[in-house]
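Asks: Predicted model, plus sequence, below.
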2 protein chains.
Amino acid sequence: MNLTILGCYAATPRTFTNPTSQVLEIRNRLFLIDCGEGTQVQLRKNKIKFSKINHVFISHLHGDHFFGLIGLISTFALLNRTTDLHIYGPKGIKEIINLQLRLSNSWTKYGLFFHELESKESEVVFEDDKVIVKTIPLNHRVYTNGFLFQEKIRERKLNLDAVQSYEIEKCYYQNIKNGKDITLDDGRLVENHKLTFDPVPPMSYAFCSDTVYNENIIPIIKEVDVLYHESTFLESEEALAEKTMHSTAKEAARIALKANVQQLVLGHYSTRYDSIELFKEQAETIFPNILLAEDGKSFEF
Amino acid sequence: MNLTILGCYAATPRTFTNPTSQVLEIRNRLFLIDCGEGTQVQLRKNKIKFSKINHVFISHLHGDHFFGLIGLISTFALLNRTTDLHIYGPKGIKEIINLQLRLSNSWTKYGLFFHELESKESEVVFEDDKVIVKTIPLNHRVYTNGFLFQEKIRERKLNLDAVQSYEIEKCYYQNIKNGKDITLDDGRLVENHKLTFDPVPPMSYAFCSDTVYNENIIPIIKEVDVLYHESTFLESEEALAEKTMHSTAKEAARIALKANVQQLVLGHYSTRYDSIELFKEQAETIFPNILLAEDGKSFEF
């Protein structure tokens, strides 16, 4: 599982900082999460094969999380994309995009599908044979969702030595990897655990931005491998965080601790601070495994 | 008169090239012309005092000319702007911006005024005591206007030696600068040209992008000091230029020649070319005074 941060700063794009956008690669699928202004250039700068992005998840309709979407959609059209593109985001996003496409007389030739969200409960928004994506209802100034990406349990790994020692034919391998026991020609039953190793455990990633401190999300993100939680402010701005419905670094860490996650990634920093190191320092007083998101940084989990 | 090119490439923003946007400074007024994605960051990079921009002119509703506008408007709001902002652009632009402001629940506290254009004739869209701005109807795939910025004639320059030799009191100076003759206390009439020098001649700038080769604009841009004319393609792509309703470098030069302008600035280059030098070479076979726009370049006229 690979996470590339395209932008992790709050509010407005600046010369050296970009608004929220990230690419999650999981089981060979590229998911784009949020799409602030300039995301398409950040995709190029970070050498992401962005024609492979088929699913875009938009947390909420504040500009620093979606103003780059219309540009990306248009660029896909100019690049003669033919693959369907699916957009998951708050109700209204379809009207925003379609109005601009209509007025610029530039409809896409590829299929553009909107999955508009308005539920206040967690729901499955995407599922295929390898990955499932659920919403994480957040609490911000406008309707907002985080997204939980869960790898499905992989097939078991073949123990080749064992399989060959029983002289099992190759046509049975897939059944074995699927967990089936095997009856040999002489009638003996070989139990699956003698023929396979446990698969790599499935990974999970939870993206939570923007939100005020909100313990309601804990059951949904419980024990994820990686939690990205917004930390717009430091402790000194705790009152401002509450007023603007954002979180501090410590609050993000408290959620990570209570949800018993493996790893916390902090981001969505206010640009008022000269250095982001203090976010890590403050969060580490509560939860040990802290990583700092930075524009252009990739994490391999 | 100063022109700063923020972006001068066609179609999509890329790692090292920006879509159309430029800032014209004329008589201490900052006019923003077009606003492709990333314009607000280009304004910062080029150290433009962008809070001083009160008037934004949008040529047409293709994304590479306006996708940065909503971001700029939002950033002005986040920076607590209070001064009115005026947007001049094709009908529909108000709906696009207002829909996004409404859905993100982030109305501006400053006055945001839209002047929607739909006339196919040249019309005055802005005028104050020093500058007048008129549309230049262009011929592109969607409704498009260029813009003609004309300085008004300045007041005459006082010939201080002459004025003092006639012992004229200071309270008459403004009348003299306005071109009035003066009757002295002894009844003699002194003609204005004896008391003043000619003012600096007024400058004019015509922005023409995007458009197919179109001689109808010549009467409007006749003898301007500076003409920016799109040249998306080189001669080898002449057929493509016509099909997509763009111009070649030579066609831009032909318009400059026929309109008898002082200086032609080329821009809106397709990103298919490795170097832009050929645009200058080809245009110079027709018209001598060619400058090449480049992102981040400033011209003083």
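Replies: Received, thanks.
Asks: Show the model's pLDDT score for the residue of the stretch 201-301 of chain A found nearest chain B.
Replies: Proximity of the stretch 201-301 of chain A to chain B (C-beta to the nearest C-beta) peaks at A:Thr271, 10.4 Å away. To be clear about C-beta, it is placed using only N, CA and C from the backbone, and glycine gets the same treatment. You'll see A:Thr271 listed with a pLDDT of 94.
Asks: what's the answer for A:Thr285, then?
Replies: 98.
Asks: Tell me how many other residues surround it.
Replies: 11 (other C-beta atoms under 10 Å in any protein chain shown).
Asks: For the residue of the stretch 201-301 of chain A closest to chain B, which residues are in contact?
Replies: Listed by C-beta atoms under 8 Å, 6 or more residues apart in numbering or on different chains, the contact set of A:Thr271 reads A:9-12, A:14, A:17.
Asks: ranges for the helices of the stretch 101-250 of chain A?
Replies: Under the criterion DSSP state H, counting those that start in this stretch, the stretch 101-250 of chain A contains helices at A:160-165, A:173-177, A:218-221, A:238-244, A:249-258.
Asks: picking up where we left off before, so which of the contacts of A:Thr271 also contact chain B?
Replies: A:11-12, A:14 (C-beta under 8 Å from any C-beta of the partner chain).
Asks: Out of the helices of the stretch 101-250 of chain A, flag the one nearest A:Asn2.
Replies: Of all those, helix A:218-221 sits nearest to A:Asn2, with 19.6 Å by C-beta to C-beta.
Asks: Show the average pLDDT along the closest one.
Replies: 98.
Asks: can you give me how far it is from the chain middle?
Replies: Between the centre of helix A:218-221 and the centre of its chain there are 15 Å (C-alpha atoms, centre = their mean, to the nearest Å).
Asks: Any buried residues in it, and which?
Replies: A:220-221 (16 or more other C-beta atoms under 10 Å in any protein chain shown).
Asks: What lies in contact with it?
Replies: By C-beta under 8 Å, 6+ apart, the list of residues contacting helix A:218-221 from outside reads A:122, A:134, A:136, A:146, A:148, A:206, A:208, A:227, A:255, A:258-259, A:261.
Asks: which of the helices of the stretch 101-250 of chain A is buried the deepest?
Replies: helix A:249-258 (a mean of 24; mean count of other C-beta atoms under 10 Å in any protein chain shown).
Asks: Check which helices and strands that one sits against.
Replies: With contacts defined as 3 or more C-beta pairs under 8 Å, 6 or more residues apart in numbering or on different chains; DSSP states H and E, helix A:249-258 has these neighbours: helix A:218-221, strand A:226-230, strand A:263-267, helix A:277-284.
Asks: In a markdown table: the ones you listed, plus distance to A:Cys171.
Replies: Below are the helices and strands packed on helix A:249-258 laid out as a markdown table (distance: least, C-beta to C-beta, whole Å):
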| stretch | distance to A:Cys171 |
| --- | --- |
| helix A:218-221 | 42 |
| strand A:226-230 | 39 |
| strand A:263-267 | 41 |
| helix A:277-284 | 53 |
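Asks: from these, which stretch is densest packed?
Replies: strand A:226-230 (a mean of 28).
Asks: May I have that strand as CSV, with CA atoms only?
Replies: The C-alpha coordinates for strand A:226-230 follow below in CSV (Å, rounded to 0.1, in the frame of the first residue of the first chain):
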residue,chain,number,x,y,z
VAL,A,226,-2.9,3.8,8.8
LEU,A,227,-5.0,6.8,9.8
TYR,A,228,-4.6,10.2,8.1
HIS,A,229,-6.2,12.6,10.4
GLU,A,230,-6.3,16.4,9.9
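Asks: hang on, the earlier thing: and the helices and strands packed on helix A:249-258: which comes nearest B:Leu85?
Replies: Of the helices and strands packed on helix A:249-258, nearest to B:Leu85 by C-beta to C-beta is strand A:226-230, at 29.8 Å.
Asks: Can you list the neighbours in contact with the closest one?
Replies: When contacts are defined by C-beta under 8 Å, 6+ apart, strand A:226-230 is touched by residues A:1, A:3, A:22, A:203-211, A:221, A:246-247, A:252, A:255-256, A:259, A:261-268, A:293, A:299, A:301.
Asks: change it to 6 Å
Replies: Contact partners of strand A:226-230, identified using C-beta atoms under 6 Å, 6 or more residues apart in numbering or on different chains, comprise A:205-210, A:221, A:247, A:252, A:255-256, A:261, A:263-265, A:268, A:301.
Asks: Roughly how far does A:Phe57 sit from A:Phe149?
Replies: 9 Å (C-beta to C-beta, to the nearest Å).
Asks: ignore the last one, A:Ser270
Replies: In this view, A:Ser270 and A:Phe149 are 26 Å apart by C-beta to C-beta.
Asks: pLDDT on stretch A:15-24, on average?
Replies: 97.
Asks: From the opening residue of it to its closing one, how far?
Replies: 25 Å (C-alpha to C-alpha, to the nearest Å).
Asks: try stretch A:137-147
Replies: End-to-end distance for stretch A:137-147: 8 Å, by C-alpha to C-alpha.
Asks: got the buried residues for that stretch?
Replies: Result for stretch A:137-147 [16+ other C-beta under 10 Å]: buried residues A:137-138, A:140-147.
Asks: how far out from the middle of the chain is it?
Replies: That offset, for stretch A:137-147, works out to 15 Å (C-alpha atoms, centre = their mean).
Asks: Report the buried residues of the helix or strand where A:Ile96 lies.
Replies: In this assignment (DSSP states H and E), A:Ile96 forms part of helix A:93-103. Residues of helix A:93-103 classed as buried: A:93-94, A:96-97, A:99-101, A:103 (neighbour count, 16+ other C-beta under 10 Å).
Asks: And the helices and strands packed on helix A:249-258: which comes nearest B:Ser275?
Replies: strand A:263-267 (39.3 Å).
Asks: For the stretch 1-150 of chain A, which segments are assigned as strands?
Replies: Secondary structure of the stretch 1-150 of chain A (DSSP state E, counting those that start in this stretch): strands located at A:2-7, A:21-26, A:29-33, A:53-57, A:85-90, A:112-117, A:124-127, A:131-137, A:145-151.
Asks: Could you provide those in a markdown table, with additional columns for distance to B:Phe279?
Replies: Below are those laid out as a markdown table (distance: least, C-beta to C-beta, whole Å):
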| stretch | distance to B:Phe279 |
| --- | --- |
| strand A:2-7 | 32 |
| strand A:21-26 | 34 |
| strand A:29-33 | 35 |
| strand A:53-57 | 34 |
| strand A:85-90 | 34 |
| strand A:112-117 | 35 |
| strand A:124-127 | 46 |
| strand A:131-137 | 47 |
| strand A:145-151 | 46 |
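Asks: out of those, which comes closest to B:Leu61?
Replies: strand A:112-117 (18.2 Å).
Asks: Looking at the buried residues of stretch A:137-147, spot the one nearest chain B.
Replies: Closest to chain B, out of all of the buried residues of stretch A:137-147 and judged by C-beta to the nearest C-beta, is A:Val142, at 5.2 Å.
Asks: Pull the contacting residues for the closest one.
Replies: A:Val142 neighbours (C-beta under 6 Å, 6+ apart): A:60, B:105.
Asks: give me that answer again for 8 Å
Replies: Per C-beta under 8 Å, 6+ apart, neighbours of A:Val142: A:60-62, A:90, B:104-105.
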